[in-house]
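>>> what follows is a predicted protein model with its sequence.
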Amino acid sequence: MKAAVIVFPGSNCDRDMKVAIEQSLGTSPTMVWHGDSELPDTDLIAVPGGFSYGDYLRCGAIAGNSPIMREVVKKAAAGTPVLAVCNGFQVATETGMLPGALLRNANQKFICKDAHLKVSSKNSRFSGAFKVNDIIRFPVAHHDGNYFADDDTLARLEDNGQIAFKYSDENGMVSSETNINGSCNNIAGIYNEAGNILGLMPHPERLISDQLGGTDGKLFFDNLINSLN
Amino acid sequence: MTEITKEIVAEHGLSESEYERVLSILGREPNRTELGIFSVMWSEHCSYKSSKKWLKTLPTEAPWVICGPGENAGVVDIGDGQAAIFKMESHNHPSFIEPYQGAATGVGGILRDVFTMGARPVANMNALRFGQADHPKTRHLVSGVVAGIGGYGNCMGIPTVGGETNFHSSYDGNILVNAMTVGVAETEKIFYSAAAGIGNPVVYVGSKTGRDGIHGATMASAEFDDDSEEKRPTVQVGDPFAEKLLLEACLELMATDYIVAIQDMGAAGLTSSSFEMADKGGVGIRLDIDKVPMREEGMTPYEVMLSESQERMLMVLKPGSEEAAQKIFEKWELDFAIIGEVTDTGKMVLTMHGEIVADLPVAPLADAAPEYDRPWVKTVAPASIKASEVAPAEDLGQALLKILGSSEVASRKWIWEQYDHMVMGDTIQRPGGDAAVVRIHGTDKALAITTDCNPRYCYADPEMGGKQAVAETWRNLTATGAKPLAITDCMNFGNPERPEIMGQFVGCIDGMREACVALDYPVVSGNVSLYNETKGIGIHPTPAIGGIGLISQSDQMATIAFKTEGESVLLLGDTSGDLGQSIYLKEIEGREEGAPPVVKLDVEKRNGDFVRGAIHSGLVTACHDVSDGGVAIALSEMALAGNIGADISIASDLPAHAMCFAEDQARYVITTTVENAEKLLQEAQKANVPLLKIGTTGHNELKIENTLAISIKDMRHVHANWLPDLMTVPGHE
């Protein structure tokens, strides 16, 4: 299988994403520069974290209008899996690939720490390594991860099983105390309706070995790669 | 042309005798642009005129040192054809005036110093000093500085992996923001700043030049007064996105062989970068000011030369490479302009609109920078305070909680959770331990990094304090299993024109030198920040030390957390029980008195080398150096980090409060399995290292026999909450 990582000016988790994919896949993903108007033939598109175009104007807004994202939207609509992490998630909401928006964290501050997540729905491709209601740990590092959508959208996400992960504590308690950034319904990540796009604020690519403090991210990528192979 | 009056000279911070020297170098009156150039080049910030005499006495060499002080940053060999490049720099004055931008551009500046030399930055650190916690400005300054450091480093995608923060009234009017960057380069691909090659193009890259930051270097060389707020316009504004592009573009260009010399534009902007490049290369430079990319119209040569706009670099390229180099910068959407050439005149000649606007000899201006041997008086060291002279607190458990929840010891998590400390995927020891550790990408090696200084010690006894600051970083690196390699120093002091302040500076340098020599741990880069005074009141002397060490096999790294129940806890090193300048004395007795603990460098080295060896042999399961707050605090921090308690009983003749809280140096707490404890004790005896079994890990409290028993929950409560509580604005979330 082949993977591609999109690189915008200001992306800064592109290398981390590459390393995580390499570790599970055994070969390197293609790094695709934002100015390119064509995507290579690929089975997985990763939109990494960072501050694309400085996140000026609004997080992900300028990247959302880049030529390469038009191609990503097209491929995604045709069924190619897309993993959009952190700034990638912000970009994905800006393109309309995923509903809702990511607002400034409720405490107005950048937050970098490990977050406990409750696996909230089944998606064999993206969360097949875990069971629904499992508690896993991925780090967060963002200033604008406060997921917002209107009530109808939230109801639809809940009903369709489109909520991938919710912020919880280590025991699985999902509450306002465990909602680290003020997200509606503690949402940390969502799927599109077809289930081939995952947008999430936490960074699975950051916990891929014991030395880095945990392996839940490795389990995530191993499963993702296996399911696409 | 404006006539140069006495007032104009004074406004430029030049003394009468310095102006006399200007006249004799030029043989004529300078014009205003030329005067401005002299002013910044001879400012304390750029010329080190008060400190040079003493800085020269520091050891700067070791077999692994590739480049010592004098370049943009220091370079040490870390094996396998790789080098670590690092430096720490102050951005104190701007951060007090405008904390967010001041701190952010401090980070931006130090990052450029490191990637100018060809390194990809891999870690940021910082050393911060604020006024006392309840000072009305403190909350505003902490909030702005932390957001600024995070705002810049997070966007750049360089992890900010740790640092240190103190709160003390001596910084009420002058906070200290010292930022450090560590980068990694190939030893064959290190870039220097000496211009060469007559006729080679001089190229400007990065952001455009605006009217910001004019005279920043001069501001940084004066005391504050009531009007300092008005200096806000001299604080630069940072654009981390532009710097991220500049970083990637420079590294891409550095992969070619087009660059002859490169220098970032930091303090004193285009002036200092062009003069330094010309002076180091022994050449002249001709610059066409019209070609400098400018943000606004109508800028004068004076403004262009003195602007401190951020995210800019000056380079000398090989002839014929211009077009290919330009393409790289176009890809990253950055300005690229050929603004001049290297000449054989030995002069800096600036033209604008076809006219010569400055014509200055390079070497005399750079070499004739004033150097002062300022009068100084030695600080009289106070007497030590013995345990018997301090009555024990009624309840030592409560004393422990008070210290754990004090401004000195409380958790800094509120700060480092605002820094992305994991990006780049190589942070294998996060903030909160003795030193941060980052893996060298794609290898099994790692760098340990720490910053340290105890200003209370330095104020009481500058020489001992300087020695201690160096030794403490060495100890912190050692506690992770790293071999300490070298340091960078950021010398923050008051007004050097006052002999007692100059005496503090000289004392600290003396102590640092002694420690660097004894520990084989040279200074490879640094920065001096003087005039940290407001209305005649100076800060505590603060020689902040940034140390780096190498861990050759990253799986041999130690951390402070207790790992599992039932392990032996050992104390390494002797305890005299003296309490002078201890946190116990400060927090429990309300006194900052007496002599700081004595640093015995031979003992320091012996104990540290033993600990490192023990870590490498795999016998140590956790290791923490004993510093602020003594053994009881070290044990508490290990318990908090591992969420496991300990049952401690220390055989000692000392009174309990001294045994628990004295800050004797060269000590570590280590844990090991019960089976290995005996082995370690034997080996210590052979090595003549004092090692004492003091207890066993387990349960959910820290219990010290006949002294105290406090639950981890209670410890965590006071330790975790002090800073968030301080930073919570009443009535707001």
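On my side now, so go ahead. Just so it is clear, the structure is predicted and the values come from calculations on it, not from any experiment.

>>> tell me how far residue A:158 lies from residue A:181.
Per CB to CB, to the nearest Å, residue A:158 is found 19 Å from residue A:181. (C-beta placed from N, C-alpha, C; glycine too.)

>>> the two: which is more packed in?
Comparing residue A:158 with residue A:181 by other CB atoms under 10 Å in any protein chain shown, the one with more neighbours is residue A:181, at 25 against 14.

>>> next, count neighbours for the spatially closest residue to the more buried one that is not a sequence neighbour.
Leaving out its chain neighbours, the residue that sits closest to residue A:181 by CB to CB, 6 or more residues apart in numbering or on different chains is residue A:105, at 4.2 Å. Number of residues near residue A:105 (other CB under 10 Å) recorded here: 20.

>>> okay, residue A:105: pLDDT?
Predicted confidence (pLDDT) for residue A:105: 98.

>>> for it, pull up the helix or strand it's in.
Element membership for residue A:105, per DSSP states H and E: none, as it lies in no helix or strand.

>>> that one touches residue A:146, doesn't it?
Yes. Contact criterion CB atoms under 8 Å: residue A:105 and residue A:146 qualify, at 5.3 Å.

>>> need the overlap of contacts for the two.
Common neighbours of residue A:105 and residue A:146 are listed as A:181, A:182 (criterion: CB atoms under 8 Å, 6 or more residues apart in numbering or on different chains).

>>> residue B:402 touches residue B:590, doesn't it?
No. In terms of CB under 8 Å, residue B:402 does not count as a neighbour of residue B:590; the distance is 11.2 Å.

>>> which one of these two is surrounded by more residues?
Taking other CB under 10 Å, residue B:402 and residue B:590 do not tie; residue B:402 has more neighbours (17 against 8).

>>> what about that one, is that helix, strand or coil?
Secondary structure state of residue B:402, per DSSP: H, G, I helix; E, B strand; the rest coil, is helix.

>>> kindly report the same for the one 4 residues further on.
In three-state terms, and counting by three-state DSSP, residue B:406 is coil.

>>> separation between it and chain A?
Per CB to the nearest CB, to the nearest Å, residue B:406 is found 24 Å from chain A.

>>> leaving out sequence neighbours, find the closest residue to that residue.
residue B:587 (4.8 Å).

>>> check residue B:566 too.
Residue B:566 sits nearest to residue B:698 (CB to CB, 6+ apart), 5.7 Å away.

>>> wait, that neighbour sits on residue B:648?
No. If you go by CB under 8 Å, residue B:698 and residue B:648 don't touch, sitting 10.9 Å apart.

>>> neighbour count winner among the two?
The neighbour comparison of residue B:698 against residue B:648 (other CB under 10 Å) goes to residue B:648, with 23 against 17.

>>> got the contact list for the nearest residue to the more buried one once chain neighbours are set aside?
Excluding the flanking residues, the one nearest residue B:648 by CB to CB, 6+ apart is residue B:695, at 3.7 Å. Applying CB under 8 Å, 6+ apart to residue B:695 gives the contacts B:568, B:569, B:646, B:647, B:648, B:649, B:650.

>>> let's see that with 7 Å instead.
Residues in contact with residue B:695 (CB atoms under 7 Å, 6 or more residues apart in numbering or on different chains) are B:569, B:646, B:647, B:648, B:649.

>>> if I look at the closest residue to chain A within chain B, how far off is residue B:120?
Nearest residue of chain B to chain A (CB to the nearest CB) works out as residue B:157 at 2.4 Å. To residue B:120, residue B:157 is 11 Å away according to CB to CB.

>>> swap in residue B:140?
In terms of CB to CB, residue B:140 sits 34 Å off from residue B:120.

>>> isn't residue B:668 right next to residue B:611, touching?
Yes. The pair residue B:668 and residue B:611 qualifies as a contact (CB atoms under 7 Å) at a distance of 5.2 Å.

>>> shared neighbours, those two?
B:479, B:572, B:623.

>>> what's the burial count for residue B:355?
9.

>>> so, low pLDDT: which residues of chain B?
Applying pLDDT under 70 to chain B flags residues B:1-2, B:215-222, B:224-234, B:730-733.

>>> next, count neighbours for residue A:8.
By the criterion of other CB under 10 Å, residue A:8 has 27 neighbours.

>>> quick check, pLDDT for it.
In this model, residue A:8 carries a pLDDT of 97.

>>> quick one, phi psi at the closest residue to it other than its chain neighbours?
Using CB to CB, 6+ apart and skipping residues adjacent in sequence, the residue nearest residue A:8 is residue A:52, 3.7 Å away. Per-residue torsions, residue A:52: phi -60, psi 130 (degrees, to the nearest 10).

>>> can you pull the residues of chain A lying near chain B?
Where chain A comes near chain B, counting by CB under 7 Å from any CB of the partner chain, the residues are A:9-10, A:12-13, A:16, A:19, A:50-51, A:53-54, A:56, A:107, A:109-113, A:139, A:141, A:205-206, A:211-212.

>>> what do you get if the cut-off is 6 Å, keeping everything else the same?
For chain A, the contact set with chain B under CB under 6 Å from any CB of the partner chain comprises A:9-10, A:12, A:16, A:19, A:51, A:54, A:109-110, A:112-113, A:139, A:141, A:206, A:211.

>>> now, of these, which are buried?
A:9-10, A:12, A:16, A:19, A:51, A:54, A:109-110, A:112, A:139, A:141, A:206, A:211 (16 or more other CB atoms under 10 Å in any protein chain shown).

>>> so where do the strands sit in the stretch 151-300 of chain B?
For the stretch 151-300 of chain B, applying DSSP state E, counting those that start in this stretch gives strands covering B:160-167, B:176-186, B:201-206, B:259-264, B:284-288.

>>> any chance of the backbone angles for residue B:542?
Backbone torsions for residue B:542, taken as degrees, to the nearest 10, come to phi -130, psi 80.

>>> for the residue of chain A found nearest chain B, what are its contacts?
For chain A and chain B, the shortest gap (CB to the nearest CB) falls at residue A:12, measuring 2.4 Å. Residue A:12 makes contact with A:50, B:157, according to CB atoms under 6 Å, 6 or more residues apart in numbering or on different chains.

>>> wait, isn't the residue nearest to residue A:181 in contact with residue A:180?
No. Look at residue A:105 against residue A:180 with CB atoms under 6 Å: they stay out of range, at 7.8 Å.
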